[in-house]
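# Build me a structure from this.
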Amino acid sequence: MPEHPAPSSLAPAALTGRLLADRYRLGHRIASGGMATVFRAVDETLHREVAVKVLHPHLSADGAVVERFRREAVAAARLTHPSIVGVYDTVSDAGLEAIVMELVDGITLREFLDQRGRLSPRDAVDIAAGVAEALVVAHEAGVVHRDVKPANILLCDDRRVVVTDFGIAKATRGSDLTATGTWIGTAKYLAPEQVRGERVDPRTDIYALGVVLYECLCGCPPFEGDTDAATAVARLSRDPIRPRQIRPSIPRPLEDLVLRTLARDPDRRPPTAAALRGALLEIDLDDATQAAGDRTVVVAPPPTTPVGAEPSFVRSERRWLVPAALLIVVAGALTLAGLLVGRTDAGREIIDRAREAVGAAPAAPLSPVDPADPPSPPRIADALAFDPQGIGPPGENDDLVPLAIDGDPTTAWRTEGYESRAFSGIKDGVGLVVRLAQPALVSRVVVESPTADWSVTVHLATTTEVEGWAIDDWGPARAGATGIQPGRVALEVEPSEAAAVLVWITDLGAGAAPVRTEISAVIVE
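As a prediction, this is how the structure comes out:
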């Protein structure tokens, strides 16, 4: 039998085809992390496909790391549940350490979020409930995962949500192999007690799952910094931005639950994974997302309030005023309500629903709007991505462009991913062009985005024929902002007649690679 090369000299690719323990034939690499590489493999004894997780060769000489790695197998082997990756065997072979696991076909939640940006509340709740179910089993067995994050959550082809990688798990009834004060876990998902180097317990995993749920709903984690240390420490001194300030359509009960899981004090979080799962499943998403407030976010408000004058978060709060409005209807104030909100389709719809609730006929058609009312904002005809300095195939997620002008704040266009916030040094920026149905006087451009710390300038053109233009063809910026935080930014310009508006992104913002900026709405006034 040929002698194998020293493990420390082997790159992951060199392990492909290797037979471990005279039984497991390694195939292609599936994934790689900080401690190990996972290979698709064949168990030649039982003639079945498996996944083999091989500790990075340079770590196999570290006794503490090897012991922790072996403990993963021991901890995970105790956990038997469809939502937890099963562990079959451990291997020590010629200096290589490996764990043989169930092969799960699918993608990670990290990959899914990178593709989709963010998820619907229903999808986010379903995934979080699946993870919570796995944590119930682990916690009941005395195991705390300590590294719950999207990369360790698998969305399987058979529709299971599966939790993997107990590589830094701690058996709560055993000793901890890590030094006090050492951060174990991924910075974005660490609980405050982990950052402080304090004792962890099941509520630590609940916090991490809350971060995952926040990211699924908002498209970004609650805390981000320029370094891992800054990201981790941020949660010690401040609360996250409320999810509905980033995405107003998130049901309020779901927002409240997310914020409970992110409480700095573990005693204020749901006490167990079972309690969290139960709370998730009790949220009536159908009822919560059918409130009138969500619809009024995406239509023109009454003429007395120009589009964009209210933050989308405030407009969405109208859902909680509907019951009060119905009481006013019962009290006979329909006429006044009609005068105040009946000028728009949304207002008429609210009134008609209220009248129907008390058995009245729909409101009569309204007279034309008073000519003295302020003019309606310019109507947007279409939009296109603007990437004049791009290399390779043209375009910048062109198929997603309509999502920035569809009136739905839950959908968004996003740039492609770059290695740095400065577009990997290959270009000065990318943008989104909004073309008006006809030339109009433009005085303000409102942009909504869940991205943190990004920058933008606004440019105007008197023609819609801007395909093939360079950035210099747009002339000087008419407005701009830097360090923009998630939510809405209003960019005032000197009133000018324009046929097209360019939202030119000059800094992609904070975040780990691939870095991208997301725009959920552009409103021209």
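
# List the residues that contact Val258.
In this structure, Val258 makes contact with Gly210, Leu213, Tyr214, Leu217, Pro243, judged by C-beta atoms under 8 Å, 6 or more residues apart in numbering. Placement of C-beta: from N, CA and C, glycine included.

# any idea how far it is from Ser120?
The gap separating Val258 from Ser120 is 15 Å, by C-beta to C-beta, to the nearest Å.

# So the closest residue to Asp89 other than its chain neighbours: helix, strand or coil?
Closest residue to Asp89 apart from its sequence neighbours, by C-beta to C-beta, 6 or more residues apart in numbering: Val100 at 4.0 Å. Val100 carries the three-state label strand when classified by DSSP: H, G, I helix; E, B strand; the rest coil.

# so Val100 makes contact with Val38?
No. Checked against C-beta atoms under 8 Å, the pair Val100 and Val38 is beyond contact range at 10.8 Å.

# between the two, what contacts are shared?
Any residue near both Val100 and Val38 by C-beta under 8 Å, 6+ apart counts here, and that gives Ala51, Val52, Lys53.

# measure stretch 446-457 end to end?
Terminal residues of stretch 446-457 lie 12 Å apart, using C-alpha to C-alpha, to the nearest Å.

# Tell me the pLDDT of the nearest residue to Pro388 once chain neighbours are set aside.
Distance criterion C-beta to C-beta, 6+ apart; nearest residue to Pro388, sequence neighbours excluded, is Ala470 at 5.0 Å. At Ala470, the predicted lDDT confidence score is 91.

# Could you measure from Ala470 over to Asp387?
Look at Ala470 and Asp387: by C-beta to C-beta, they are 11 Å apart.

# Can you tell me which residue is spatially central in the protein?
For the chain, the residue nearest the mean C-alpha position is Gly219 (2.4 Å; C-alpha atoms, centre = their mean).

# wait, that residue sits on Thr410?
No. Checked against C-beta under 8 Å, the pair Gly219 and Thr410 is beyond contact range at 10.0 Å.

# Common neighbours of those two, please.
Arg118, Arg247.

# Can you list the buried residues in stretch 426-443?
Gly429, Val430, Gly431, Leu432, Val433, Val434, Arg435, Leu436, Ala440, Val442 (16 or more other C-beta atoms under 10 Å).

# and the nearest residue to the fourth one once chain neighbours are set aside, how many residues sit next to it?
In space, not counting the residues next to it along the chain, Leu432 is nearest to Val503; the distance is 4.7 Å by C-beta to C-beta, 6+ apart. Burial of Val503, expressed as a neighbour count using other C-beta atoms under 10 Å, amounts to 24.

# Can you read off the backbone torsions of Val503?
Backbone dihedrals for Val503, given as degrees, to the nearest 10, come out at phi -100, psi 100.

# Could you check the pLDDT of it?
According to the model's per-residue confidence, Val503 sits at a pLDDT of 96.

# just Asp373 next, same as before
Reading off the per-residue confidence, Asp373 sits at a pLDDT of 39.

# For the closest residue to Leu15 other than its chain neighbours, grab the count of nearby residues.
Using C-beta to C-beta, 6+ apart and skipping the chain neighbours, the partner closest in space to Leu15 is Leu26 (5.4 Å). For Leu26, the neighbour count with other C-beta under 10 Å is 21.

# Likewise for Phe423?
21.

# circling back: what about Ala470 and Asp387, which has more around it?
When neighbours are counted by other C-beta under 10 Å, Ala470 and Asp387 differ, and Asp387 comes out ahead with 18 against 8.

# didn't the more buried one look like it was pressed against Asp428?
No. Between Asp387 and Asp428 there is no contact under C-beta under 8 Å: 10.9 Å.

# Let me know the helix or strand that Tyr452 is in.
One thing to correct before we go on: residue 452 is Ala, not Tyr. Per DSSP states H and E, Ala452 falls between elements, in no helix or strand.

# Tell me how far Ala275 lies from Asp472.
Between Ala275 and Asp472 the distance is 58 Å, computed by C-beta to C-beta.

# Please say which of these two ends up with more neighbours.
Set side by side, Ala275 and Asp472 show more neighbours around Ala275, with 14 against 8, by other C-beta under 10 Å.

# Wait, a strand at the more buried one?
No. Remark: Ala275 does not belong to a strand; assigned using three-state DSSP, it is helix.

# Take the shared contacts of Val100 and Val38 and keep only those in strands.
Members of the shared contacts of Val100 and Val38 lying in strands (criterion: DSSP state E): Ala51, Val52, Lys53.

# can I assume the last one is in contact with Thr37?
Meaning Lys53. Yes. Between Lys53 and Thr37 there is a contact under C-beta under 8 Å: 7.4 Å.

# out of these two, which sits in the busier spot?
Neighbours per residue, other C-beta under 10 Å: of Lys53 and Thr37, the larger number sits with Lys53, 28 against 21.

# what's the longest helix in this structure?
Longest among the helix segments of the chain by residue count, using DSSP state H, is helix 121-140.

# For it, list every residue counted as buried.
Buried positions in helix 121-140, judged by neighbour count with 16+ other C-beta under 10 Å: 121, 124-139.

# Next SSE downstream of it?
Downstream of helix 121-140, the first helix or strand assigned by DSSP H and E is strand 143-144.

# counting contacts, what elements does that following strand pack onto?
Packing partners of strand 143-144 (3 or more C-beta pairs under 8 Å, 6 or more residues apart in numbering; DSSP states H and E): strand 170-171, helix 202-218.

# Which secondary structure elements does the longest one sit against?
Helices and strands in packing contact with helix 202-218 are listed as helix 109-116, helix 121-140, strand 143-144, helix 192-195, helix 243-246, helix 252-261, helix 273-282; criterion 3+ C-beta pairs under 8 Å, 6+ apart.

# Which segments of the chain make up each domain?
Partitioning the chain according to automatic domain parsing yields domains covering residues 7-101, 106-286, 292-357, 380-524.

# Next, work out how far apart Asp22 and Leu103 are.
Asp22 sits at a distance of 20 Å from Leu103 (criterion: C-beta to C-beta).

# Of those two, which one has the most company?
When Asp22 is set against Leu103 and neighbours are counted by other C-beta under 10 Å, the residue ahead is Leu103, at 19 against 9.

# about what we covered before: if I look at the residue nearest to Pro388, how far off is Asn397?
Ala470 sits 20 Å away from Asn397, going by C-beta to C-beta.

# what do you get for Ala64?
Using C-beta to C-beta, which is the criterion applied here, Ala64 is 45 Å from Asn397.

# And Glu133, by the same measure?
Between Glu133 and Asn397 the computed distance is 34 Å (C-beta to C-beta).

# Check Leu502 too.
Leu502 sits 16 Å away from Asn397 when distances are taken as C-beta to C-beta.

# Who has more neighbours out of those two?
Leu502 (25 against 16).

# List the residues that contact that one.
Leu502 sits in contact with Phe386, Gly431, Leu432, Val433, Val434, Val458, His459, Leu460, Ala461, Val466, Trp474, where contact means C-beta under 8 Å, 6+ apart.
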